[in-house]
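Undergrad: Test case, fold it:
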Amino acid sequence: MQNLVERLVKGLAEVKMGEITVPEGGVHRGEVVVGQIEDPRIKVLYTYYRRNGDRVNELVEAYDKAVAETIKRPRKNHDYATCPVCLQGIEVIHECEFHKAVETVFWATVESTLDVRATITVKSGGRLSIRAGWQIVVSPSGNAKVTNSEDNNITVLGIMMMPHGDEAAPKK
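TA: Numbering: from 1, shown residues only. Sure, this is the predicted structure:
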């Protein structure tokens, strides 16, 4: 079995530039365009992320069908370690965990391309999405917004970001 890094590197290498999955759908109401993906390596990562998600969904569906069939035939002395359906379930768990890691790498990569204002909005609870034309959009989720207090401090993830440099100098 390959480790996560080996699988990710191999999976990315298998994506051909002519097979890039192109995001569809325009910017939705309330979303703000905060950037655009231009780096072909990020487009490859997006393609792999989407393909892997589709594959995991298929595995979950197949597992759900297998479970539904076995429920119809209950048996005594069930051995979880050798049961094909139980082993299939463990494989699905591993694949879901791998996909979560791929998802984390993809969105962290996208975030690393953003400017400070967009990063603050995302870290304050905004949700990133990719739209047609490789546009990176952020939409508020819940109470996500950047608010400046009277003293111009911004709180993100519980960390107060204060003005510094000349703006923070005490007034005489």
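Undergrad: Wait, M17 touches R41, no?
TA: No. Using Cβ atoms under 8 Å, M17 makes no contact with R41, being 10.2 Å away. (Glycine included, C-beta is placed from N, CA and C.)
Undergrad: which residue packs closest to the most centrally placed residue in the chain, ignoring adjacent ones?
TA: The centroid of the chain falls nearest to E103 when counting by Cα atoms, centre = their mean (3.6 Å). Here the nearest residue to E103 in space, its sequence neighbours aside, is Y49; by Cβ to Cβ, 6 or more residues apart in numbering that works out to 6.2 Å.
Undergrad: Where does that neighbour fall, secondary structure wise?
TA: helix 40-71 (DSSP states H and E).
Undergrad: Show me which parts of that helix are buried, residue by residue.
TA: The neighbour-count check on helix 40-71 (16 or more other Cβ atoms under 10 Å) flags 42-49, 51-52, 56, 59, 63, 66 as buried.
Undergrad: shaky segments in this protein?
TA: Within the chain, the stretches with pLDDT under 70 are 1, 74, 141-172.
Undergrad: let's go with 90 and repeat that
TA: Within the chain, the stretches with pLDDT under 90 are 1-2, 4, 29-34, 66-87, 115-127, 138-172.
Undergrad: Please, where are all the strands along it?
TA: 32-36, 127-131, 135-139, 154-156, 159-161 (DSSP state E).
Undergrad: Pick the most deeply packed of the ones you listed.
TA: Scoring the strands of the chain by mean neighbour count under mean count of other Cβ atoms under 10 Å gives strand 135-139 as the most buried, with a mean of 20.
Undergrad: show me what contacts H78?
TA: Going by Cβ atoms under 8 Å, 6 or more residues apart in numbering, H78 touches no other residue.
Undergrad: I should have written Y48 there, sorry.
TA: Going by Cβ under 8 Å, 6+ apart, Y48 touches 8, 11-12, 14-15, 102.
Undergrad: Break the protein into its domains for me.
TA: 21-37+115-172, 39-112 (automatic domain parsing).
Undergrad: Look up how far H94 lies from the nearest residue to E14 once chain neighbours are set aside.
TA: Leaving aside its chain neighbours, E14 sits nearest to Y48 (8.0 Å; criterion: Cβ to Cβ, 6+ apart). Noted for Y48: a distance of 17 Å to H94, by Cβ to Cβ, to the nearest Å.
Undergrad: ok, now S129?
TA: Separation of S129 from H94 (Cβ to Cβ) stands at 27 Å.
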